[in-house]
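>>> This is the structure alone, sequence omitted:
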């Protein structure tokens, strides 16, 4: 079956993602590469868990928290994913000395993969929409990567496969492998870290964990961990306008397509293989205006600039906290700071750019009006 011109294909469709060089891998080089990544990890500290005391929720017995993933060396949640993807590719024999690594990305994963490619001395090519923030492009080139631009998000898949074929390289394919490259049972993954850091809080087992979905890998890891540990926690995915995951969650139809999200880093025009709908208890659709307003509101509360995917998470958290308060429920709502706002100075933090891109944003979430 041919892939539609839009680039939208059914989830899990078998598609070649790499050109494997002939012959056995250089096991000595692979072992050295794995050691370099593990040494880099050993030098790393865990990210902070930030409590957000916010009236009237705190008084009602509802606590809000954010795990701050912006403090990784490459500045985003995707640092964990990139490390896992490189180890997965090395152990599978897909990446060897001199292999050109190719990734389809909206920016943050590419920044992190460029970092690990430089660590291993490998060429790296990021395939991204032209709308990707200039700050992310600069970071990719800073780490020695090359950017290959396409006009629309749905074009990144075929373009990445083509670049990998032309360079005899490896297409990392985060959208397929994100949910399987990470050990979801623990091994200091993001889920285990979140729950361990909550251990001494008023509500140590959160009522809700809220994440966005780009690949779906983070929601899959957290959702599986929650079930494996038998926690009384529900998983919510905050869904930006234009993304397909919410409709897929309702229908189970993996052939669905959508225009794609204008909130950089989350949302997709097609159903990705790494998004596991059966792990998600709730989808909350977040309008673009609410995502941007929540980004600014949370930034004021924390005294720093944040990215728009974090704003999307925060808007969904407020919806859940309001519902809990109305029902008289106690508990914690936990989410992620995905990356810092410095990456979006000339886009989501530029009022003129926002007006050109979104028009005059309107706020639909009543909880945001009080912040």
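Here it is on my side, so go on. Every value quoted in this text rests on a predicted model; they were computed, and no experiment measured them.
>>> now the strand or helix carrying residue 79, how far from the centre of its chain.
Using DSSP states H and E, residue 79 maps to helix 78-91. With Cα atoms, centre = their mean, to the nearest Å as the basis, helix 78-91 stands 14 Å off its chain's centre.
>>> next helix or strand past it?
Using DSSP H and E, the helix or strand that follows helix 78-91 in sequence is strand 101-104.
>>> Which strands or helices does that next one pack on?
Judged by 3 or more Cβ pairs under 8 Å, 6 or more residues apart in numbering; DSSP states H and E, strand 101-104 is in contact with helix 108-120, strand 124-129, helix 156-166, strand 170-171, helix 174-181. (Each C-beta comes from the backbone N, C-alpha and C, glycine too.)
>>> and with 10 Å instead?
Here strand 101-104 touches helix 78-91, helix 108-120, strand 124-129, strand 146-150, helix 156-166, strand 170-171, helix 174-181, going by 3 or more Cβ pairs under 10 Å, 6 or more residues apart in numbering; DSSP states H and E.
>>> Can you check which of those gets nearest to residue 370?
Proximity to residue 370, assessed across the helices and strands packed on strand 101-104 by Cβ to Cβ, is greatest for helix 108-120 (30.5 Å).
>>> The closest one to helix 174-181, inter-axis angle?
Computed by axes from the mean of the first three to the mean of the last three Cα atoms, to 10 degrees, the angle separating helix 108-120 from helix 174-181 equals 70 degrees.
>>> hang on, isn't residue 114 packed against residue 103?
Yes. Applying Cβ atoms under 10 Å as the test, residue 114 and residue 103 come out as touching, 8.7 Å apart.
>>> what residues do the two have in common as contacts?
Common neighbours of residue 114 and residue 103 are listed as 82, 124, 125, 126, 140, 145 (criterion: Cβ atoms under 10 Å, 6 or more residues apart in numbering).
>>> so the second one touches residue 142, yeah?
Read that as residue 124. No. Counting by Cβ under 10 Å, residue 124 stays clear of residue 142, with 11.8 Å between them.
>>> neighbour-wise, which of these two wins?
residue 124 (24 against 12; other Cβ atoms under 10 Å).
>>> one step back: who touches both of residue 124 and residue 142?
Here residue 124 and residue 142 share the contacting residues 114, 115, 118, scored by Cβ under 10 Å, 6+ apart.
>>> Return the member of the residues you listed nearest to residue 250.
Nearest to residue 250, judged by Cβ to Cβ, of those is residue 114 at 36.3 Å.
>>> do you know how far that closest one is from residue 132?
Separation of residue 114 from residue 132 (Cβ to Cβ, to the nearest Å): 13 Å.
>>> Name the residues contacting each of the two.
In terms of Cβ under 10 Å, 6+ apart, residue 114 and residue 132 are both contacted by the residues 105, 126, 140, 147.
>>> If I look at the last one, what pLDDT would I see?
The pLDDT attached to residue 147 in the predicted structure is 97.
>>> got the contact list for it?
Counting by Cβ under 10 Å, 6+ apart, residue 147 touches 105, 107, 110, 114, 124-128, 130, 132, 136-138, 140-141.
>>> Please repeat the previous calculation with a cut-off of 7 Å.
Going by Cβ atoms under 7 Å, 6 or more residues apart in numbering, residue 147 touches 126, 128, 137, 140, 141.
>>> Just the buried ones from these, in PyMOL syntax?
Only the buried entries of those go into this PyMOL selection, using 16 or more other Cβ atoms under 10 Å:
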select buried, resi 126+128+137+140
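>>> Out of the contacts of residue 147, which comes closest to residue 364?
Among those, residue 128 lies closest to residue 364 (Cβ to Cβ), at 29.8 Å.
>>> which one is that closest one nearest to, not counting chain neighbours?
Computed as Cβ to Cβ, 6 or more residues apart in numbering, the closest residue to residue 128 that is not its neighbour in sequence is residue 105, at 5.6 Å.
>>> returning to that earlier point: which among the helices and strands packed on strand 101-104 is found nearest to residue 205?
Closest to residue 205 of the helices and strands packed on strand 101-104 is helix 78-91 (Cβ to Cβ; 22.2 Å).
>>> list the helices and strands the closest one packs on?
Applying 3 or more Cβ pairs under 7 Å, 6 or more residues apart in numbering; DSSP states H and E, we find helix 78-91 packed against helix 27-42, helix 108-120, helix 174-181.
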